[in-house]
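*Asks:* Could you look at this predicted model? Sequence included:
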Amino acid sequence: ISTYPLVVHKGTPEAIRGARTYLGILLGTSIALQLTAVVWTYAVANTLDFEPGGILRDSALPLALVPILLALYAFGIGKAALMPFHRWLPAAMVAPTPVSALLHAVAVVKAGVFTMLKVGIYIFGIDFLAETGASEWLMWVAAYTIVASSVIAMQQDNLKRRLAYSTVSQLSYITLGMALATQMGVLGGGLQIATHAMGKITLFMCAGAIYVATHKTEISQMTGLGRTMPITFAAFGIAALSIIGLPPLGGSWSKWYLMVGAADAQHQIMIAVLMISSLLNVAYLMPIVGRGFYRDDEVNPYNGVREAPTFCWLPPAATAFGCLVLFFFAGQIIDFLMPITGAAP
């Protein structure tokens with residue numbers, strides 16, 4: 001509710017429609033599904049306290065109903081943007097770019113997947129999910145969301161919409177990590193929260209810098225722009241490589257641990273899904289950088305354009321550097337997450 005005014009800020013018909021979709025899906029799923037899940041959890045467990053190992057193992061909940069309760073949580077947490085409850089995220093792209101960076105890199109979406117991890121670890125328990133196989137279906141829904149949203153992203157010419165569908169895909173990595181029900185999967189999901197936040201906020205701030213300098217929003221309009229805005233496009237390229245998962249950038253660690261988690265769970269097909277997703281990430285992110293720096297003809301339509309003001313390009317340059325820092329200092333985050341997953345440091 002508090003972010004609704006940010007989405008509807010422009011006051012245009014498009015902004016109003018987008019804000020209604022944003023609020024409607026998030027509130028609707030929370031009230032209809034998540035609230036039901038919370039009430040049901042209390043009814044069978046007599047507590048709502050988060051506990052390591054979960055609270056449902058010794059509850060009165062029949063094992064056959066565990067996947068149904070998990071479904072109420074998974075789809076009730078609308079901010080996790082699992083398909084088909086993902087439409088609010090692209091709809092919210094009508095918000096100003098700084099708001100988009102806040103909503104879809106750091107604040108709103110991360111609250112959703114953080115809650116998803118909390119539910120998996122402290123309500124159900126990773127071992128309980130693994131023993132019952134209750135999260136098996138969720139793993140496939142997350143995998144479908146990862147691939148399908150990446151394919152949709154490739155078809156978007158509007159830069160912010162492409163990044164929005166990229167976010168839908170990347171968030172499902174975290175849900176997949178929980179659904180794998182392995183320590184390494186959960187660790188990879190936790191790492192993905194941090195590494196994706198650093199990379200995606202860089203991409204959105206670069207989109208903002210491009211708009212400030214040129215008022216262009218479509219990727220097809222950005223041919224040759226990287227020649228006159230090299231810092232912005234270099235930062236975009238670094239963040240894109242982190243999202244793809246290439247070392248030495250932070251995003252490579254989360255992808256690695258997710259693949260290890262998939263191997264531990266004997267779900268090799270999920271390793272293939274992660275690899276296909278990375279290739280799709282290359283397909284929808286790197287052509288933006290290539291279009292910016294390379295051009296067939298000798299005439300650059302942006303010869304008169306310069307970098308956006310310092311306070312527009314400096315933050316994405318700093319967070320792009322942060323993507324590099326996360327690779328070399330991921331150990332601190334891993335040490336923090338290890339006790340949560342139940343694994344030894």
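*Replies:* Noted; the coordinates are in hand.
*Asks:* for the stretch 101-250 of the chain, what spans make up the strands?
*Replies:* With DSSP state E, counting those that start in this stretch, there are no strands along the stretch 101-250 of the chain.
*Asks:* ok, residues contacting the lowest-mean-pLDDT helix or strand in the chain?
*Replies:* Least confident helix or strand, the chain: helix 97-101 with a mean of 77, by mean pLDDT, DSSP states H and E. In this structure, residues lying in contact with helix 97-101 by C-beta atoms under 8 Å, 6 or more residues apart in numbering are 3, 6-7, 9, 92-93, 160, 163-164, 200-201, 204-205, 207-208, 211. Using the backbone N, CA and C atoms, a C-beta is placed for each residue, glycine as well.
*Asks:* Is the nearest residue in space to Thr47 that is not next to it in sequence part of a helix or strand, or is it coil?
*Replies:* Using C-beta to C-beta, 6 or more residues apart in numbering and skipping the chain neighbours, the partner closest in space to Thr47 is Ile55 (5.8 Å). Of the three states, Ile55 takes coil according to DSSP: H, G, I helix; E, B strand; the rest coil.
*Asks:* just the one 5 residues further on next, same as before
*Replies:* Local secondary structure at Ala60 is given as coil here, using three-state DSSP.
*Asks:* Any regions of the protein where pLDDT drops low?
*Replies:* Counting by pLDDT under 70, the chain contains low-confidence residues at 295-304, 342-345.
*Asks:* Looking at it, which helix is longest?
*Replies:* Identified as the longest helix of the chain according to DSSP state H is helix 183-214.
*Asks:* Packing partners of that helix?
*Replies:* Packing contacts for helix 183-214, counted by 3 or more C-beta pairs under 8 Å, 6 or more residues apart in numbering; DSSP states H and E, involve helix 97-101, helix 108-118, helix 159-179, helix 230-244, helix 251-264, helix 310-328, helix 330-341.
*Asks:* quick one, what contacts the residue nearest to Thr47?
*Replies:* With C-beta under 8 Å, 6+ apart, Ile55 has these contacts: Thr41, Ala45, Thr47, Asp49, Tyr122, Ile123, Gly125.
*Asks:* Equivalent analysis for Lys255, please.
*Replies:* Tyr173, Gly188, Gly245, Leu274, Ser278.
*Asks:* The first one - how many residues pack around it?
*Replies:* Read it as Tyr173. 28 (other C-beta atoms under 10 Å).
*Asks:* correct me, but it touches Gly189?
*Replies:* Yes: counting by C-beta atoms under 8 Å, Gly189 is a contact partner of Tyr173 at 6.9 Å.
*Asks:* Could you name every residue contacting both of those two?
*Replies:* Ser254, Leu258.
*Asks:* circling back: alpha carbons of the least confident helix or strand of the chain, as PDB, please.
*Replies:* Extracted in PDB, the C-alpha atoms of helix 97-101 (Å, rounded to 0.1, in the frame of the first residue of the first chain):
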ATOM      1  CA  THR A  97      12.900   4.800 -13.100                       C
ATOM      2  CA  PRO A  98      14.300   5.500  -9.500                       C
ATOM      3  CA  VAL A  99      11.100   3.900  -8.200                       C
ATOM      4  CA  SER A 100      11.500   1.000 -10.500                       C
ATOM      5  CA  ALA A 101      15.000   0.400  -9.200                       C
END
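*Asks:* can you give me the offset of it from its chain's centre?
*Replies:* Centre-to-centre, helix 97-101 and its host chain are 15 Å apart (C-alpha atoms, centre = their mean, to the nearest Å).
*Asks:* how about it: buried residues?
*Replies:* Thr97, Val99, Ser100, Ala101 (16 or more other C-beta atoms under 10 Å).
*Asks:* Just give me the closest of the residues you listed to Trp253.
*Replies:* Using C-beta to C-beta, Ala101 is the member of those that lies nearest Trp253, at 22.4 Å.
*Asks:* separation between Thr202 and Val66?
*Replies:* When C-beta to C-beta, to the nearest Å is the yardstick, Thr202 and Val66 sit 39 Å from each other.
*Asks:* neighbour-wise, which of those two wins?
*Replies:* Between Thr202 and Val66, counted using other C-beta under 10 Å, the more crowded position is Thr202 (29 against 19).
*Asks:* Test my guess that that one contacts Phe321.
*Replies:* No: in this structure Thr202 lies outside contact range of Phe321 using C-beta under 8 Å: 9.4 Å.
*Asks:* ok, so of the contacts of Lys255, who is nearest His267?
*Replies:* Distances from His267 to the contacts of Lys255, taken by C-beta to C-beta, are shortest for Leu274, at 10.5 Å.
*Asks:* Now do that closest one against Gln192, distance only.
*Replies:* 11 Å.
*Asks:* Need the residues touching each of those two.
*Replies:* By C-beta under 8 Å, 6+ apart, the residues touching both Leu274 and Gln192 are Tyr173, Leu258.
*Asks:* With neighbour numbers in mind, choose between the two.
*Replies:* Shown here are Leu274 and Gln192; by other C-beta under 10 Å, Gln192 has more neighbours (29 against 22).
*Asks:* Not including adjacent chain positions, what is the nearest residue to that one?
*Replies:* In space, and not counting its chain neighbours, Gln192 is closest to Ser254: 3.9 Å by C-beta to C-beta, 6+ apart.
*Asks:* Tell me if I'm right that the one you found and Gly188 touch.
*Replies:* Yes: using C-beta under 8 Å, Ser254 is in contact with Gly188, at 5.2 Å.
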